[in-house]
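Novice: my questions concern the predicted model and sequence given below.
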Amino acid sequence: MKKIKIGVVGAGIYGNYHIHTYTCDPHVEKVVFCDLNEERRAATAQRYHVTGYASVKEMIQAEALDAVSIATPDPYHFEPAKDAMEAGIKYLMIEKPLATTVEECEQLIAMAEAYDVQIAVDFHKRWDPAYNNMRDEIQKDKENIIRGYMSLDDVIDVPTSWFTWTDKSSPSWFLGVHCYDLIRYLSGSEVKRVYAVGNKEVLKKQGYQTYDNIQAILTMEDGSNWTVENSWILPNTYPKSNDGQLVIVTEHKYLKNESYRGVKTYTDKKASLPNYIFMNFDEHHASGFGLEPMQEFVSDIVNGKAFRTNAYDGLQATRIAAAVHASAQSGSVIQL
């Protein structure tokens, strides 16, 4: 059985997910990682019994890697991807968004073509069985979509406590790109124009210079209209860290999915709604659709298959997010 060696960039929340998933994969021979933070690097190395480095370049120079998995904060994907490609890495997994500017996405695609590199982007909503069931329902009868609605919201702890780069992000960059990509995936159509509005009130009072909430209307090339709502100011008392729903109206069908997956837990402190099909870990096992992009990344490399999501998908999601921001700031409809 062919096995690969993989390096993970970043040892934050998602970096740990990547490291844990790869260390459990029978097709992975070795996992290493890099992180700028010395304390976090030491803790991660001890937790997973893997070697940690201070930089991408140091990691690649020291190890004969087949692939690199980038799990740095959203605004900081470009440089490690560039460094990896220039060092000869041929397979990249990059967390969403591919990059936070269209220009950086286009540069990464041009570099990938020049260096013959294959890029996968972790839009894990495409692996959610509920969304794939809805996609099947649309495709099997060749249903024309009339309208759609999607929301994805986080509790306020996410921008205020989970990370330090809130002002370099927004609900659209952190959450909306999932929605924009999923809409393309479900409809098989591209966004033609965008109109958006946003609010800056709650987080502004806490010293942050970013949106609380952004609402966008996407008009697709197939003629359908989609409303997308994203915020990250839900109260921390909400039973889980995020919420969302998806509604699609076609010519003959009404499809609806909510984030509640059938389990409720109550303690003397808080109620919770565990998403038990998203991510599950134990010492030697990792499962759930939220981890399947990483597992499939490895499997596709080993078996020589094309990735389910690629750099073009990443570019399109970033184009939409950039247009949403441009519309919210200008009050104008933006043509793509």
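Specialist: Thanks, I have it.
Novice: where along this protein do the helices fall?
Specialist: Assignment of helices within the chain using DSSP state H yields the ranges 13-23, 38-48, 56-62, 78-86, 102-115, 129-140, 157, 171, 177-187, 292-303, 311-330.
Novice: got the angle for the fourth one vs helix 102-115?
Specialist: Put plainly, it is helix 78-86. With axes from the mean of the first three to the mean of the last three Cα atoms, to 10 degrees as the basis, helix 78-86 and helix 102-115 are set at 10 degrees to each other.
Novice: does anything pack onto helix 78-86? Which helices or strands?
Specialist: helix 56-62, strand 67-70, strand 91-95, helix 102-115 (3 or more Cβ pairs under 8 Å, 6 or more residues apart in numbering; DSSP states H and E). Heads up, the C-betas are built off the backbone N, CA and C, glycines and all.
Novice: would you list these in CSV and tack on distance to residue 34 and mean neighbour count?
Specialist: Formatted as CSV, the helices and strands packed on helix 78-86 follow (distance: least, Cβ to Cβ, whole Å; neighbours: other Cβ atoms under 10 Å):
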stretch, distance to residue 34, mean neighbour count
helix 56-62, 4, 17
strand 67-70, 9, 26
strand 91-95, 14, 25
helix 102-115, 19, 16
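Novice: wait, which of those is closest to residue 172?
Specialist: Of all those, it is helix 102-115 that lies closest to residue 172, at 13.8 Å by Cβ to Cβ.
Novice: who are the packing partners of the closest one?
Specialist: Counting contacts by 3+ Cβ pairs under 8 Å, 6+ apart, helix 102-115 packs against helix 78-86, strand 118-122, helix 311-330.
Novice: would you mind finding the most buried of the ones you listed?
Specialist: Burial of the helices and strands packed on helix 102-115 is given as mean neighbour count (mean count of other Cβ atoms under 10 Å); strand 118-122 ranks first at a mean of 25.
Novice: what lies in contact with that one?
Specialist: For strand 118-122, contacts defined as Cβ atoms under 8 Å, 6 or more residues apart in numbering pick out 81, 90-98, 108-109, 112, 293-294, 297, 300, 306-311, 313-314, 317.
Novice: stretch 12-19 too?
Specialist: 8-9, 11, 31, 33, 35, 40, 44, 47-48, 50, 69, 71-73, 93, 95, 162-163, 279, 290-291, 294.
Novice: stretch 320-335 now?
Specialist: Against stretch 320-335 from outside (Cβ under 8 Å, 6+ apart): 97, 100-102, 170, 172-173, 176-177, 180, 191-198, 211, 214, 216, 218, 336.
Novice: centre of the chain versus it, how much separation?
Specialist: Stretch 320-335 sits 21 Å away from the centroid of its parent chain (Cα atoms, centre = their mean, to the nearest Å).
Novice: same check on stretch 89-103?
Specialist: For stretch 89-103, the distance to the chain centre is 10 Å (Cα atoms, centre = their mean).
Novice: now the end-to-end length of it.
Specialist: Using Cα to Cα, to the nearest Å, the end-to-end distance of stretch 89-103 comes out at 22 Å.
Novice: repeat for stretch 301-313
Specialist: 19 Å.
Novice: turn the helices of the chain into CSV, columns for distance to residue 251 and mean pLDDT.
Specialist: Shown next, in CSV, are those (distance: least, Cβ to Cβ, whole Å; pLDDT from 0 to 100):
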stretch, distance to residue 251, mean pLDDT
helix 13-23, 39, 97
helix 38-48, 50, 97
helix 56-62, 49, 97
helix 78-86, 42, 98
helix 102-115, 34, 98
helix 129-140, 10, 95
helix 157, 42, 97
helix 171, 32, 98
helix 177-187, 14, 98
helix 292-303, 32, 98
helix 311-330, 25, 98
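Novice: can I get those helices in a markdown table with distance to residue 230?
Specialist: Output for the helices of the chain, formatted as a markdown table (distance: least, Cβ to Cβ, whole Å):
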| stretch | distance to residue 230 |
| --- | --- |
| helix 13-23 | 18 |
| helix 38-48 | 28 |
| helix 56-62 | 30 |
| helix 78-86 | 23 |
| helix 102-115 | 19 |
| helix 129-140 | 17 |
| helix 157 | 16 |
| helix 171 | 4 |
| helix 177-187 | 7 |
| helix 292-303 | 21 |
| helix 311-330 | 9 |
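Novice: out of those helices, nearest to residue 264?
Specialist: For the helices of the chain, proximity to residue 264 was assessed by Cβ to Cβ; helix 129-140 is nearest, at 17.7 Å.
Novice: give the buried residues for the closest one.
Specialist: Within helix 129-140, the residues scored as buried using 16 or more other Cβ atoms under 10 Å are 130, 131, 134, 135, 138.
Novice: and the spatially closest residue to the fourth one that is not a sequence neighbour, how many neighbours?
Specialist: What it means is residue 135. Nearest residue to residue 135 in three dimensions, chain neighbours excluded: residue 186, at 5.2 Å (Cβ to Cβ, 6 or more residues apart in numbering). Neighbour count of residue 186, defined by other Cβ atoms under 10 Å: 24.
Novice: what's the spacing between the residue located most distally from the centre of the chain and residue 241?
Specialist: What lies farthest from the middle of the chain is residue 268; by Cα atoms, centre = their mean that is 33.4 Å. Between residue 268 and residue 241 the computed distance is 20 Å (Cβ to Cβ, to the nearest Å).
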